[in-house]
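Asks: Here is a sequence together with a model predicted from it:
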Amino acid sequence: MSKPEFVYVTYIETTVEKLWQALTDGDFTERYWFGVHLRSDWKVGSSFEMVRGDGSVSDAGKVVECDPPRRLAYTFLNLSDTYKNETPPLATFELEPYGKLVKLTLTHRGFSEGSKFLSAVSKGWPAILSSLKSILETGQPLDIPYAALKFES
C-alpha cells in the first residue's frame, strides 16, 4: 500500500528565476509564509529550518535535491510534541516555464500512516502557495488569518 501524499499545482505569472528566489530567500518567505524565515544554504545534505519571528525553530529537515531553478526537495517536520513520532516527509517543488507563466507543482509525500502532519500541510500549503502567487503577481501577499487554518496544537 502506498503512503499518503499531498499534491498542489498552480500557475504563476512570473519567471522561474523569480519563483526560485521566492522559494529559497528566507527574507522573502517571511512576506508570504506567516512570517516564517526559511533558513538553509540549499546544498544537498544541508539542514533546513523554519524560523519564527521570535527566533525559535518550528520545523526542521534536510535538503535532498537542489537543481536551480527547476527542482527543489527537502524533508521537514514540525518539532512540536504533536508530530514528534512521525517520519519527516519530503516536499518537492517542480518549476516548469510556459511562456509568461510558471507551473509550480508541489508534491509532499512519505507521511506516516495516519499522519497528523499530513492534515496540517494539507491546510497550510494552499494558503502559503496562494499567498506566494499573489505576492509575485501583484506585489502583495494575501492576508490569510492563521486562525482560519485551524491547525491542531
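Replies: Okay, I see it.
Asks: show me where this structure has helices.
Replies: 16-24, 26-32, 116-138 (DSSP state H).
Asks: May I have the beta-bridge partners of the closest residue to Val9 other than its chain neighbours?
Replies: Residue nearest to Val9 in three dimensions, not counting chain neighbours: Thr105, with 5.0 Å by C-beta to C-beta, 6 or more residues apart in numbering. Backbone N, C-alpha and C define where each C-beta goes, glycine included. Counting by DSSP bridges, Thr105 is bridged to Val9, Glu94.
Asks: close enough to count as contact, Thr105 and Phe93?
Replies: Yes - the criterion here is C-beta atoms under 8 Å, and Thr105 meets it with Phe93 at 7.4 Å.
Asks: With neighbour numbers in mind, choose between the two.
Replies: Phe93 (21 against 14; other C-beta atoms under 10 Å).
Asks: Just list the residues touching the nearest residue in space to that one that is not next to it in sequence, thanks.
Replies: Among residues not flanking Phe93 along the chain, Leu72 sits closest, at 4.6 Å (C-beta to C-beta, 6+ apart). Applying C-beta atoms under 8 Å, 6 or more residues apart in numbering to Leu72 gives the contacts 20, 23-24, 42, 63, 65-66, 92-93.
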